[in-house]
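A.B. asks: I would like the atomic coordinates for the input below:
(one chain, ligands or ions: 1)
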Amino acid sequence: MQFHHHGYVSGDPRIEPAAGTGVDRPAELPEQIDVLIVGSGPAGMLAAAQLAQFPSVTTRLVERRPGRLAIGQADGIQARSVETFQAFGFAERITAEAYQITEMAFWKPDPRDPSRIVRSARAQDDPHGISEFPHLIVNQARVLDYFAEFAASSPARITPDYGYEFVGLTVGDGEFPVAVTLKHTAGAEEGTERTVHAKYVVGADGARSRVRSSIGCTLAGDAANHAWGVMDVVASTDFPDIRLKCAIQSHDGGSILLIPREGGHLFRMYVDLGEVPADDAGNVRKTTIEQIIAQANAILSPYTLDVRNVAWHSVYEVGHRLTDRFDDVLPEELGDRTPRVFITGDACHTHSAKAGQGMNVSMQDGFNIAWKLGHVLEGRSPASLLSTYSAERQVVAKNLIDFDKTWSTMMAKKPEEFSSPSELEDFYVRTAEFPAGFMTEYTPSMIVGGAEQQELAAGFPVGKRFKSARAVRVSDTNPLHLGHQAKADGRWRIYVFADPALPGTDSPTDALGEWLASSPESPLAAQPAGGDDDAWFDARVIYQHPHTEIDINAVPRAFKPEVGPFRLTDLNKVYGVDPAADIFDERQLDRAGVVVVVRPDQYVATVLPLTATGELGAFFAGVRGERATAQA
Ligand code: FAD
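C.D. replies: Numbering: from 1, shown residues only. This next block holds a predicted model:
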């Protein structure tokens, strides 16, 4: 974390100085808004937090609840989300308060006496070391709190506008073409309506989204829902794995997903209530907490559960559904106009809770759309960038629903229906990368290059998230995770993994550094005049030598930008290898050197040789919506 570049900061350095629209931000909703977000769930809060880093953009978030979510809803946090939290500055703090999953246990009927359950297997949670981050369990409300803190401490100073319900919208013409009708749900004006005008609207308003229906999207999928009795409880029990994540199947087919919760005592049980027919008319929601507890005791036999306190319970009823599109552009309008209204999270995809995906995928939707809106509104990219949101995220949602169908069908099977005794746990281990959130792989577009040069950096697959590794910062000799230095500040990252030479030797890396700093074709040349040299692009260099051999004064200036009002030289972007874990070996990087470009949402955009300045310039010309003038 860097601060003091504007002078001495005596308070909490996480609270950045207010800037732009964050200075004198009106308490009341203004008439005209650049981005209106509807809903303060994980998708909406992440989008607000990201846009809070764009102080030239007026962003407001309306929520019909009178205040913050207090309790309940989702709790599974996959490693990809913790990686994302790192970029928003709270991975360490939330990990400290969360439950950390290291193993999962599987319980089945005892073959000798099927009325009793026995532990049949244990599976490691991340057997392949997919991420350096853990798999956590923590209440959704805490996740939202942390994003709210980040948004409020960022330059645009965004806080949710509680007590406003979205009623409907129309898309017309003009600078603020989306007219949105809102209704006050609290306070003196409760029940009254008002209209605001927005350039863009992000519908993050959950499974029953009205933003979705207002743009004519429909959810398609299973006719029936699946229902679980969900309870967050503290209890006295002799069930030995009460502090482990467990899939528990009883002899009559009833099953429980047990999720230990943060704090050492609380746990969640999803008690399977089965398929709900379309004509159920809400009857399943009448299931009482007493019935859920009784069912849990029956499944756990011979163990017993004496519930002492119910913190939260609900009947969570959801089907596998996906919308036909994630924005307001109709199929026949594709290519003629760019979207104005987007839907994210549960508003576009719903699925079971069993793979613990809902909150996680929703957050990545919010991350994906928010930086793009920031870039378009700041003029860094053309509006066509916004069409990549639906194109990229719909595929992810479709894959998620397919995966979740397989997993939840498997968990609902009776013991005799499995093809092998270990089918369930084998599937869990074999597919671990998916629920951990790392299977997303974006295909070529204006912000993702082709895989032609992939062999230069086999460990950074194009389209997949940048998997961090260690390097040693030259200036202060600190061994650091390279990826953890990338904050959710909306900047593109250009990692230059150097050729074997040292700096100041007229090497290809020196030449690339000179091109980056001085060529009109360099992406850095597009940055606003007078600002930080790295305002939009964060260029870092990693040499193949230990840090002790690198003369920082000889490093090209592209990797030592001048920043802040005092034009301080930033010496924090120059690295040597960690001899104990050489990043060139760990990520299979070509020793002739390679450039790895990473998007603001941490996905690898392109991989190029050091000498491919023409292609690098052309890639970013495409991102800016310009015709590429440079040739390789
Ligand atoms: P949400 O978190 O649903 O957020 C939507 C927000 O929009 C809410 O704050 C809502 O109040 C607000 N909103 C809705 N309509 C309007 C409107 N017209 N105007 C203004 N604001 C509006 N997942 C699990 O994995 N396990 C669970 O046990 C589980 N239980 C759940 C229980 C409930 C009651 C709900 C609603 C969801 C549950 N989920 C559960 C799903 C999980 O919470 C979601 O997958 C995740 O929160 C999706 O995030 P989101 O931001 O898309 O939407």
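
A.B. asks: quick one: residue 351 from residue 260, how far?
C.D. replies: 22 Å (C-beta to C-beta, to the nearest Å). Placement of C-beta: from N, CA and C, glycine included.

A.B. asks: Neighbour count: these two, which is higher?
C.D. replies: For residue 351 versus residue 260, neighbours defined as other C-beta atoms under 10 Å are more numerous around residue 351 (27 against 20).

A.B. asks: wait, the more buried one sits on residue 360?
C.D. replies: No: using C-beta atoms under 8 Å, residue 351 is not in contact with residue 360, being 11.4 Å away.

A.B. asks: Just give the closest residue to the residue of the stretch 101-250 of the chain found nearest the ligand, not the sequence neighbours.
C.D. replies: Proximity of the stretch 101-250 of the chain to the ligand (C-beta to the nearest ligand atom) peaks at residue 206, 2.9 Å away. In space, and not counting its chain neighbours, residue 206 is closest to residue 346: 4.8 Å by C-beta to C-beta, 6 or more residues apart in numbering.

A.B. asks: in the stretch 501-632 of the chain, which ranges drop under the pLDDT threshold?
C.D. replies: 627-632 (pLDDT under 70).

A.B. asks: What segments of it are helices?
C.D. replies: 508-518, 583-586, 613-623 (DSSP state H, counting those that start in this stretch).

A.B. asks: so which of those gets nearest the ligand?
C.D. replies: helix 613-623 (27.8 Å).

A.B. asks: looking at this protein, which residue ends up farthest from its center?
C.D. replies: Computed with C-alpha atoms, centre = their mean, the maximum C-alpha offset from the centroid of the chain is found at residue 112, amounting to 45.8 Å.

A.B. asks: who in the protein is up against the ligand?
C.D. replies: Contact residues (C-beta under 6 Å from any ligand atom) of the chain with the ligand: 38-44, 62-65, 73-74, 76, 140, 165-166, 204-206, 210, 230, 314, 316, 345-347, 353, 356, 358-359, 362.

A.B. asks: Filter those down to the ones in strands?
C.D. replies: Assignment to strands by DSSP state E places the following of these there: 38, 62-63, 76, 165-166, 230, 314, 316.

A.B. asks: Show me which of those are buried.
C.D. replies: 38, 62-63, 76, 165-166, 230, 314, 316 (16 or more other C-beta atoms under 10 Å).

A.B. asks: Check pLDDT for those and point me to the minimum.
C.D. replies: Checking pLDDT across these, the minimum falls on residue 316 at 85.

A.B. asks: and it, what are its bridge partners?
C.D. replies: Beta bridges link residue 316 to residue 228, judged by DSSP bridges.

A.B. asks: Then residue 136?
C.D. replies: residue 77, residue 100.

A.B. asks: Next up, the contacts around residue 364.
C.D. replies: Residues near residue 364 by C-beta atoms under 8 Å, 6 or more residues apart in numbering: 80-81, 84, 393, 396, 437, 440, 601.

A.B. asks: those helices in this structure, which residues are they?
C.D. replies: 42-51, 79-87, 91-97, 140-153, 210-214, 289-300, 358-377, 387-411, 423-430, 508-518, 583-586, 613-623 (DSSP state H).

A.B. asks: what mean pLDDT does the longest one have?
C.D. replies: Which is helix 387-411. 86.

A.B. asks: the inter-axis angle of it versus helix 358-377?
C.D. replies: 180 degrees (axes from the mean of the first three to the mean of the last three C-alpha atoms, to 10 degrees).

A.B. asks: buried set for helix 387-411?
C.D. replies: Result for helix 387-411 [16+ other C-beta under 10 Å]: buried residues 387-390, 392-394, 396-397, 400-401, 403-405, 407-408, 410-411.

A.B. asks: and that helix, what other elements does it pack with?
C.D. replies: In terms of contacts (3 or more C-beta pairs under 8 Å, 6 or more residues apart in numbering; DSSP states H and E), helix 387-411 is packed against strand 321-323, strand 349-350, helix 358-377, helix 423-430.

A.B. asks: And for the last one?
C.D. replies: Under the contact definition 3+ C-beta pairs under 8 Å, 6+ apart, helix 613-623 sits against strand 594-598, strand 604-608.

A.B. asks: Could you save the ones you listed as CSV and add columns showing mean neighbour count?
C.D. replies: Shown next, in CSV, are the helices and strands packed on helix 613-623 (neighbours: other C-beta atoms under 10 Å):
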stretch, mean neighbour count
strand 594-598, 24
strand 604-608, 25
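
A.B. asks: In CSV, list the ones you listed along with distance to residue 480.
C.D. replies: As requested, the helices and strands packed on helix 613-623 are exported to CSV (distance: least, C-beta to C-beta, whole Å):
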stretch, distance to residue 480
strand 594-598, 16
strand 604-608, 19
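
A.B. asks: Residue 326: which of these is closest?
C.D. replies: When those are compared by C-beta to C-beta, strand 604-608 sits nearest residue 326, at 20.7 Å.

A.B. asks: Report the distance from that closest one to the chain centre.
C.D. replies: 20 Å (C-alpha atoms, centre = their mean, to the nearest Å).

A.B. asks: same deal with stretch 54-65?
C.D. replies: Distance, centroid of stretch 54-65 to centroid of chain: 19 Å (C-alpha atoms, centre = their mean).

A.B. asks: what do you get for stretch 362-376?
C.D. replies: Distance, centroid of stretch 362-376 to centroid of chain: 9 Å (C-alpha atoms, centre = their mean).

A.B. asks: and that stretch, average pLDDT?
C.D. replies: Mean predicted confidence for stretch 362-376 is 98.

A.B. asks: Can you give me the distance of residue 419 to residue 520?
C.D. replies: The value you get for residue 419 to residue 520, if C-beta to C-beta is used, is 63 Å.

A.B. asks: do the same with residue 464
C.D. replies: For residue 464 relative to residue 520 (C-beta to C-beta), the value is 32 Å.

A.B. asks: Ok, residue 200 next?
C.D. replies: 31 Å.

A.B. asks: With neighbour numbers in mind, choose between the two.
C.D. replies: Set residue 200 next to residue 520 and count neighbours by other C-beta under 10 Å: residue 200 wins out with 26 against 9.

A.B. asks: who touches that one in this structure?
C.D. replies: Here residue 200 is in contact with 34-36, 178, 340-342, 373, 377, 386 (C-beta under 8 Å, 6+ apart).

A.B. asks: go with 7 Å
C.D. replies: Counting by C-beta atoms under 7 Å, 6 or more residues apart in numbering, residue 200 touches 34-35, 178, 340, 373.

A.B. asks: Repeat that for residue 339.
C.D. replies: Residue 339 touches 327-329, 386-387, counting by C-beta under 7 Å, 6+ apart.

A.B. asks: Select only the buried ones of these in PyMOL?
C.D. replies: Command for PyMOL that selects the buried part of the contacts of residue 339, burial taken from 16+ other C-beta under 10 Å:
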select buried, resi 327+328+329+386+387
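
A.B. asks: Out of the contacts of residue 339, the closest to residue 531 would be?
C.D. replies: residue 386 (24.4 Å).

A.B. asks: low-scoring stretches of the stretch 201-350 of the chain, by residue?
C.D. replies: Looking at the stretch 201-350 of the chain by pLDDT under 70, you get 223-224, 253.

A.B. asks: nearest residue to residue 203 other than its sequence neighbours?
C.D. replies: Among residues not flanking residue 203 along the chain, residue 211 sits closest, at 2.6 Å (C-beta to C-beta, 6+ apart).
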